[in-house]
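A.B. asks: the amino acid sequence is not available; the structure is as follows:
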(Lines give C-alpha, C1' and ligand atoms only; values in the text may rest on other atoms or scores of the structure.)
Protein backbone atom coordinates (compact mmCIF):
# COMPACT_ATOMS: atom_id res chain seq x y z
CA UNK A 1 0.00 0.00 0.00
CA UNK A 2 2.75 2.55 0.72
CA UNK A 3 4.31 1.74 -2.67
CA UNK A 4 0.98 2.26 -4.44
CA UNK A 5 0.47 5.59 -2.67
CA UNK A 6 3.96 6.80 -3.54
CA UNK A 7 3.61 5.67 -7.14
CA UNK A 8 0.45 7.74 -7.61
CA UNK A 9 1.45 10.80 -5.55
CA UNK A 10 1.68 13.57 -8.14
CA UNK A 11 3.04 16.02 -5.56
CA UNK A 12 6.35 14.11 -5.52
CA UNK A 13 8.84 15.27 -8.14
CA UNK A 14 9.46 12.47 -10.64
CA UNK A 15 13.19 13.25 -10.64
CA UNK A 16 13.36 12.04 -7.00
CA UNK A 17 13.23 8.44 -8.24
CA UNK A 18 10.57 7.59 -5.65
CA UNK A 19 7.95 6.57 -8.23
CA UNK A 20 10.55 4.46 -10.04
CA UNK A 21 11.54 2.66 -6.83
CA UNK A 22 7.89 2.11 -5.92
CA UNK A 23 7.32 0.54 -9.36
CA UNK A 24 10.35 -1.73 -8.85
CA UNK A 25 8.98 -2.99 -5.51
CA UNK A 26 5.52 -3.53 -6.99
CA UNK A 27 7.02 -5.55 -9.84
CA UNK A 28 8.79 -7.74 -7.27
CA UNK A 29 5.72 -8.17 -5.03
CA UNK A 30 3.38 -9.17 -7.92
CA UNK A 31 0.34 -8.68 -5.68
CA UNK A 32 -3.02 -9.01 -7.52
CA UNK A 33 -4.53 -6.45 -5.11
CA UNK A 34 -2.44 -3.77 -6.81
CA UNK A 35 -4.05 -4.34 -10.23
CA UNK A 36 -6.43 -1.37 -10.37
CA UNK A 37 -3.78 1.15 -9.35
CA UNK A 38 -1.20 -0.37 -11.69
CA UNK A 39 -3.67 0.11 -14.55
CA UNK A 40 -4.29 3.72 -13.50
CA UNK A 41 -0.53 4.29 -13.31
CA UNK A 42 -0.19 3.06 -16.92
CA UNK A 43 -2.46 5.96 -17.90
CA UNK A 44 -0.80 8.45 -15.53
CA UNK A 45 2.80 7.94 -16.69
CA UNK A 46 3.46 8.98 -20.30
CA UNK A 47 5.52 6.77 -22.61
CA UNK A 48 8.69 8.77 -21.91
CA UNK A 49 8.85 7.32 -18.37
CA UNK A 50 10.04 4.10 -19.89
CA UNK A 51 11.63 2.43 -16.85
CA UNK A 52 8.61 3.00 -14.62
CA UNK A 53 6.28 1.70 -17.33
CA UNK A 54 8.46 -1.38 -17.90
CA UNK A 55 8.04 -2.26 -14.22
CA UNK A 56 4.27 -1.68 -14.38
CA UNK A 57 3.94 -3.87 -17.48
CA UNK A 58 6.09 -6.58 -15.87
CA UNK A 59 3.96 -6.52 -12.70
CA UNK A 60 0.67 -6.76 -14.63
CA UNK A 61 2.04 -9.62 -16.74
CA UNK A 62 3.33 -11.49 -13.70
CA UNK A 63 -0.07 -11.14 -12.00
CA UNK A 64 -1.52 -12.48 -15.29
CA UNK A 65 -4.10 -9.74 -15.15
CA UNK A 66 -6.63 -10.19 -17.97
CA UNK A 67 -7.91 -6.62 -17.62
CA UNK A 68 -4.41 -5.33 -18.47
CA UNK A 69 -4.30 -6.85 -21.98
CA UNK A 70 -5.69 -3.79 -23.77
CA UNK A 71 -3.39 -1.37 -21.94
CA UNK A 72 -0.32 -3.55 -22.54
CA UNK A 73 -1.17 -4.13 -26.21
CA UNK A 74 -1.39 -0.35 -26.67
CA UNK A 75 2.37 -0.18 -26.03
CA UNK A 76 2.91 -2.36 -29.12
CA UNK A 77 0.76 -0.05 -31.23
CA UNK A 78 2.72 3.11 -30.31
CA UNK A 79 5.40 4.64 -32.50
CA UNK A 80 9.01 3.59 -32.07
CA UNK A 81 10.59 6.79 -30.77
CA UNK A 82 9.59 9.10 -27.95
CA UNK A 83 10.28 12.81 -28.40
CA UNK A 84 12.04 14.45 -25.47
CA UNK A 85 9.93 16.77 -23.35
CA UNK A 86 11.19 20.12 -22.08
CA UNK A 87 12.97 19.88 -18.75
CA UNK A 88 13.51 16.10 -18.90
CA UNK A 89 16.91 14.47 -18.92
CA UNK A 90 18.01 12.68 -22.09
CA UNK A 91 17.55 9.16 -20.68
CA UNK A 92 13.81 9.84 -20.48
CA UNK A 93 13.56 10.10 -24.29
CA UNK A 94 14.45 6.51 -25.10
CA UNK A 95 13.11 4.26 -27.84
CA UNK A 96 10.17 2.11 -26.79
CA UNK A 97 12.10 -1.11 -27.45
CA UNK A 98 12.32 -2.21 -23.81
CA UNK A 99 8.67 -1.39 -23.11
CA UNK A 100 7.66 -3.33 -26.21
CA UNK A 101 9.81 -6.27 -25.14
CA UNK A 102 8.18 -6.29 -21.71
CA UNK A 103 4.74 -5.99 -23.34
CA UNK A 104 5.36 -9.08 -25.51
CA UNK A 105 6.51 -11.12 -22.48
CA UNK A 106 3.52 -9.95 -20.44
CA UNK A 107 0.95 -10.75 -23.13
CA UNK A 108 2.50 -14.21 -23.38
CA UNK A 109 2.21 -14.69 -19.62
CA UNK A 110 -1.43 -13.59 -19.61
CA UNK A 111 -2.11 -16.09 -22.40
CA UNK A 112 -5.50 -16.72 -23.95
CA UNK A 113 -6.94 -13.21 -23.42
CA UNK A 114 -4.09 -11.81 -25.55
CA UNK A 115 -5.69 -13.43 -28.64
CA UNK A 116 -7.84 -10.30 -28.94
CA UNK A 117 -4.69 -8.40 -29.98
CA UNK A 118 -3.11 -11.12 -32.13
CA UNK A 119 -3.03 -8.89 -35.23
CA UNK A 120 -0.91 -6.36 -33.31
CA UNK A 121 1.40 -9.08 -31.99
CA UNK A 122 2.11 -10.81 -35.29
CA UNK A 123 3.22 -7.56 -36.95
CA UNK A 124 6.37 -7.90 -34.84
CA UNK A 125 7.48 -10.93 -36.86
CA UNK A 126 8.72 -8.33 -39.39
CA UNK A 127 10.33 -6.02 -36.83
CA UNK A 128 14.08 -5.35 -37.35
CA UNK A 129 14.87 -6.06 -33.68
CA UNK A 130 15.88 -9.69 -33.07
CA UNK A 131 15.20 -9.15 -29.35
CA UNK A 132 11.58 -8.33 -30.09
CA UNK A 133 11.26 -11.25 -32.49
CA UNK A 134 12.63 -13.60 -29.83
CA UNK A 135 10.12 -12.27 -27.28
CA UNK A 136 7.36 -12.60 -29.87
CA UNK A 137 8.20 -16.25 -30.53
CA UNK A 138 8.00 -17.01 -26.81
CA UNK A 139 4.72 -15.09 -26.44
CA UNK A 140 3.12 -16.81 -29.45
CA UNK A 141 4.10 -20.20 -28.02
CA UNK A 142 2.47 -19.36 -24.69
CA UNK A 143 -0.68 -17.90 -26.27
CA UNK A 144 -0.95 -20.77 -28.77
CA UNK A 145 -0.54 -23.33 -26.01
CA UNK A 146 -3.26 -21.64 -23.91
CA UNK A 147 -5.53 -21.48 -26.96
CA UNK A 148 -5.01 -25.16 -27.69
CA UNK A 149 -5.67 -26.19 -24.09
CA UNK A 150 -8.80 -24.05 -23.75
CA UNK A 151 -10.28 -24.12 -27.25
CA UNK A 152 -8.84 -27.31 -28.75
CA UNK A 153 -6.89 -25.65 -31.57
CA UNK A 154 -4.34 -23.00 -32.51
CA UNK A 155 -4.93 -19.92 -34.65
CA UNK A 156 -3.43 -20.19 -38.15
CA UNK A 157 -1.94 -16.70 -37.66
CA UNK A 158 0.14 -18.00 -34.74
CA UNK A 159 1.45 -20.97 -36.72
CA UNK A 160 2.20 -18.86 -39.84
CA UNK A 161 4.03 -16.22 -37.79
CA UNK A 162 6.14 -18.86 -36.06
CA UNK A 163 6.98 -20.51 -39.39
CA UNK A 164 8.07 -17.11 -40.74
CA UNK A 165 10.26 -16.60 -37.66
CA UNK A 166 11.98 -19.93 -38.42
CA UNK A 167 13.61 -18.25 -41.43
CA UNK A 168 15.70 -16.04 -39.18
CA UNK A 169 19.46 -16.44 -39.08
CA UNK A 170 19.51 -15.30 -35.46
CA UNK A 171 20.15 -18.32 -33.26
CA UNK A 172 18.27 -17.10 -30.17
CA UNK A 173 15.14 -16.22 -32.16
CA UNK A 174 15.33 -19.52 -34.02
CA UNK A 175 15.64 -21.58 -30.82
CA UNK A 176 12.77 -19.72 -29.14
CA UNK A 177 10.64 -20.28 -32.24
CA UNK A 178 11.35 -24.02 -32.27
CA UNK A 179 10.50 -24.14 -28.56
CA UNK A 180 7.22 -22.30 -29.28
CA UNK A 181 6.33 -24.79 -32.03
CA UNK A 182 6.95 -27.62 -29.56
CA UNK A 183 4.55 -25.96 -27.08
CA UNK A 184 1.79 -26.10 -29.69
CA UNK A 185 2.75 -29.66 -30.74
CA UNK A 186 4.13 -29.05 -34.23
CA UNK A 187 7.64 -30.55 -33.87
CA UNK A 188 7.20 -33.33 -36.45
CA UNK A 189 6.32 -30.83 -39.14
CA UNK A 190 9.42 -28.73 -38.42
CA UNK A 191 11.67 -31.78 -38.95
CA UNK A 192 10.58 -31.90 -42.58
CA UNK A 193 11.58 -28.26 -43.26
CA UNK A 194 14.88 -27.03 -44.63
CA UNK A 195 16.11 -24.56 -42.04
CA UNK A 196 19.32 -22.55 -41.69
CA UNK A 197 19.89 -23.50 -38.07
CA UNK A 198 18.59 -27.05 -38.11
CA UNK A 199 21.78 -28.39 -36.56
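C.D. replies: Thanks, I have it. Keep in mind that what you see is a predicted model, and the values were worked out from it rather than measured.
A.B. asks: okay, and residue 42 sits in which element?
C.D. replies: helix 35-44 (DSSP states H and E).
A.B. asks: that helix: which residues count as buried?
C.D. replies: Neighbour counts over helix 35-44 (16 or more other Cβ atoms under 10 Å) mark 35, 37, 38, 39, 41, 42 as buried. To be clear about C-beta, it is placed using only N, CA and C from the backbone, and glycine gets the same treatment.
A.B. asks: swap in stretch 174-186?
C.D. replies: Within stretch 174-186, the residues that count as buried by 16+ other Cβ under 10 Å are 174, 176, 177, 178, 180, 181, 183, 184, 186.
A.B. asks: between those residues, which is nearest residue 46?
C.D. replies: Checking the buried residues of stretch 174-186 against residue 46 with Cβ to Cβ, the nearest one is residue 176 at 31.0 Å.
A.B. asks: burial measure for the closest residue to the closest one other than its chain neighbours, as a count.
C.D. replies: Leaving aside its chain neighbours, residue 176 sits nearest to residue 137 (4.1 Å; criterion: Cβ to Cβ, 6 or more residues apart in numbering). Other residues near residue 137 come to 29 when the count uses other Cβ atoms under 10 Å.
A.B. asks: I'd like to know which elements the longest helix seen in the chain is packed against.
C.D. replies: In the chain, taking DSSP state H as the definition, the longest helix is helix 130-151. The contact analysis (3 or more Cβ pairs under 8 Å, 6 or more residues apart in numbering; DSSP states H and E) places helix 130-151 against helix 97-110, helix 118-122, helix 156-165, helix 171-183.
A.B. asks: that one: how far from the chain's middle?
C.D. replies: Distance of helix 130-151 from its chain centroid, counting by Cα atoms, centre = their mean, to the nearest Å, is 11 Å.
A.B. asks: taking helix 97-110 as reference, get the angle to that helix.
C.D. replies: 20 degrees (axes from the mean of the first three to the mean of the last three Cα atoms, to 10 degrees).
A.B. asks: save the helices and strands packed on helix 130-151 as CSV, and put in distance to residue 132 too.
C.D. replies: Below are the helices and strands packed on helix 130-151 laid out as CSV (distance: least, Cβ to Cβ, whole Å):
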stretch, distance to residue 132
helix 97-110, 6
helix 118-122, 11
helix 156-165, 11
helix 171-183, 9
